[in-house]
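Student: Sequence and predicted model, in that order:
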Amino acid sequence: MNVKNKLRELNLSYRPRLSQNFLRSESMIQRIVDAADISETDVALEIGTGLGILTAALEKKAKKVISFETDQGLISQLP
């Protein structure tokens with residue numbers, strides 16, 4: 001996913017005051033998930049859902065993912 005294009009498509013922008021960081025690299029997402037050592041019995045907690053890219057990867061490994069987002073623009077776009 002091209003994050004810049006997706007944000008533009010949704011008429012959203014990066015908000016530094018919220019310390020937003022958007023993952024763009026599939027290999028980095030996989031490294032994070034692997035480092036978390038999540039099993040199918042785990043509940044994962046994600047702070048800052050963003051566009052849901054990491055959330056989707058966590059959902060493939062964990063029993064359940066609880067995710068929090070404070071940016072109302074992003075919240076309205078999440079599935």
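Tutor: That came in fine, so what should we check first? Values in this document were obtained by computation on a predicted structure and should not be read as measured data.
Student: Okay, the residue of the chain most remote from its centre and residue 67: tell me how far apart.
Tutor: Residue farthest from the centre of the chain, counting by C-alpha atoms, centre = their mean, is residue 41 at 20.3 Å. Going from residue 41 to residue 67 by C-beta to C-beta, to the nearest Å gives 18 Å. Bear in mind the C-beta positions are built from the backbone N, C-alpha and C, glycine included.
Student: ditto for residue 25
Tutor: If you go by C-beta to C-beta, the gap between residue 25 and residue 67 works out to 20 Å.
Student: what's the nearest residue to the residue farthest from the centre of the chain if we skip its chain neighbours?
Tutor: residue 63 (5.5 Å; C-beta to C-beta, 6 or more residues apart in numbering).
Student: wait, what's in contact with that neighbour?
Tutor: 40, 41, 42, 43 (C-beta atoms under 8 Å, 6 or more residues apart in numbering).
Student: can you pick the most crowded of those?
Tutor: When neighbours are counted by other C-beta atoms under 10 Å, residue 42 leads those with 15 neighbours.
Student: my guess is that one meets residue 59, correct?
Tutor: No. The criterion here is C-beta atoms under 8 Å, and residue 42 misses it with residue 59 at 11.5 Å.
Student: Which elements pack onto the lengthiest helix in the chain?
Tutor: Longest helix of the chain, by residue count under DSSP state H: helix 26-36. On a contact count with 3 or more C-beta pairs under 8 Å, 6 or more residues apart in numbering; DSSP states H and E, helix 26-36 meets helix 53-59.
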